[in-house]
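Visitor: can't give you the sequence, but here's the structure:
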């Protein structure tokens, strides 16, 4: 992906990020200003059994399920983002936002650390390998204690699942869709049925569930049916129907059809 986008001057390593990270200096994990990632969704057998021996002590928030590696990757990213300044944008399946158990506890810990900045729901069908809808989880370590943005206490939700153009077997985010999402995120203003800022207390009341539809109401009410008007219209159409039936019977008679 880096080569395809002309980024050939960076240090690239090919290996097992979770069990044997290679971006290491002086026996410590390298720290980064910005991290952007699209890790494998719900990776099975990611190496949960090796976490106790992790020399970098990355999994102090808890160990994700052995058959779902999503939070293992997220944990690694948080631990490699620069403290008090690093930022992360990671694409995740929606299950990351609401699954309970070990994942729920890790999610709660990240929220209590105040570093989850935004959750952006994207359309389904963006990837050729899977049709499931995904979300972008934005993590900002400048919000942690001592960081420049530690006073920010909300999480900003954007429900952008309708922002796409269907193209053959795949949905595509056009420039206008990306601009709308980005502009909404930067302004951080509530928009009915699209975006909403949610404070810690409401998140706590919802057991730290980050499912977007809990906070952004996308329900569209159907127009009420006027039964009297419909009955009146049917009554008015009845004479026309009888006339048509009579004409049809005459045509069939002329054709010799009984």
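Guide: Right, received. Where do you want to start? Since the structure is predicted, the reported quantities are computational estimates derived from the model, not experimental observations. Residues are numbered from 1 along each chain as shown.

Visitor: how is this structure carved up into domains?
Guide: 24-214, 221-258 (automatic domain parsing).

Visitor: Quick one: the helices in the stretch 151-258 of the chain, in order.
Guide: Assigned by DSSP state H, counting those that start in this stretch, the helices in the stretch 151-258 of the chain fall at 175-187, 200-205, 227-254.

Visitor: how far out from the middle of the chain is the longest one?
Guide: Spelled out, it's helix 227-254. Taking Cα atoms, centre = their mean, to the nearest Å, the mean C-alpha location of helix 227-254 is offset from the chain mean by 52 Å.

Visitor: Next up, the contacts around residue 73.
Guide: 17-18, 37, 39-40, 43, 90 (Cβ atoms under 8 Å, 6 or more residues apart in numbering). Bear in mind the C-beta positions are built from the backbone N, C-alpha and C, glycine included.

Visitor: so it, which of the three states?
Guide: helix (DSSP: H, G, I helix; E, B strand; the rest coil).

Visitor: By neighbour count, which of the contacts of residue 73 wins?
Guide: residue 18 (22 neighbours; other Cβ atoms under 10 Å).

Visitor: element containing it, please.
Guide: Assigned by DSSP states H and E, residue 18 belongs to no helix or strand.

Visitor: Please report phi then psi for it.
Guide: Taking degrees, to the nearest 10, you get phi -80, psi -40 for the backbone angles of residue 18.

Visitor: That one contacts residue 69, doesn't it?
Guide: Yes. At 6.9 Å, residue 18 and residue 69 qualify as touching, with contact defined as Cβ atoms under 8 Å.

Visitor: Would you map the strands across this structure?
Guide: 24-25, 28-29, 34-37, 87-93, 116-121, 134-140, 155-159, 165-167, 170-172, 195-198 (DSSP state E).

Visitor: quick one: contacts of the second one?
Guide: It refers to strand 28-29. Under Cβ under 8 Å, 6+ apart, the answer for strand 28-29 is 21, 23, 56, 58, 79-80.

Visitor: Can I get those residues in JSON lines including neighbour count and pLDDT?
Guide: As requested, the contacts of strand 28-29 are arranged in JSON lines below (neighbours: other Cβ atoms under 10 Å; pLDDT from 0 to 100):
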{"residue": "21", "neighbour count": "19", "pLDDT": "96"}
{"residue": "23", "neighbour count": "14", "pLDDT": "95"}
{"residue": "56", "neighbour count": "13", "pLDDT": "97"}
{"residue": "58", "neighbour count": "18", "pLDDT": "98"}
{"residue": "79", "neighbour count": "19", "pLDDT": "98"}
{"residue": "80", "neighbour count": "20", "pLDDT": "98"}
